[in-house]
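K.L.:
How does the following fold in three dimensions:
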Amino acid sequence: MQMNEITRRIVIAGLPNSGKSSLFNKIVGHNISIISEKEHTTSDYISVNLGQIVLSDTCGIVSLKDPENISLKFILSNDIVIYVVDGSIHLNQLDIDLVKKCKKYNKQIILVLNKSEK
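P.N.:
Residues are numbered from 1 along each chain as shown. Okay, the predicted model is just below:
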């Protein structure tokens, strides 16, 4: 990569078990993130340098009330947020609040509806 090229930081975020890690693995082309039906399988975040982008998978957000929420701080430190919503359940207030928080910090947001076949 040339020095004048800009590396964009992209994070995959959403609620627990929305399919973030599955999407991450699909984009990367390898099973790097652990996938499980059990919530909170991803406990932190994992990042992969893909050249001009660094893609990260995060654990599911369960609350925005903690001002020291490390996952939220990490999400907001990225340039672009791929926000994954579980399409098999109704959108909830936490989804809406998290997207609003990202917009408040001027993050570009890509909304992905996952699990819509259920």
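K.L.:
The residue nearest to residue 46 when sequence neighbours are not counted: how many residues sit nearby?
P.N.:
Leaving aside its sequence neighbours, residue 46 sits nearest to residue 57 (Cβ to Cβ, 6 or more residues apart in numbering; 5.1 Å). Using the backbone N, CA and C atoms, a C-beta is placed for each residue, glycine as well. Residue 57 has 25 neighbouring residues, counting by other Cβ atoms under 10 Å.
K.L.:
What of residue 25?
P.N.:
Neighbour tally, residue 25, other Cβ under 10 Å: 16.
K.L.:
Same check on residue 105?
P.N.:
Using other Cβ under 10 Å, residue 105 has 12 neighbouring residues.
K.L.:
Residue 68 too?
P.N.:
Quick note: residue 68 (other Cβ under 10 Å) scores 6 neighbours.
K.L.:
Check residue 28 too.
P.N.:
Residue 28: 15 neighbours (other Cβ under 10 Å).
K.L.:
what sits against the closest residue to it other than its chain neighbours?
P.N.:
Nearest in space to residue 28, with sequence neighbours left out and distances taken as Cβ to Cβ, 6+ apart, is residue 48 at 5.4 Å. Counting by Cβ atoms under 8 Å, 6 or more residues apart in numbering, residue 48 touches 28, 32, 54, 55, 56.
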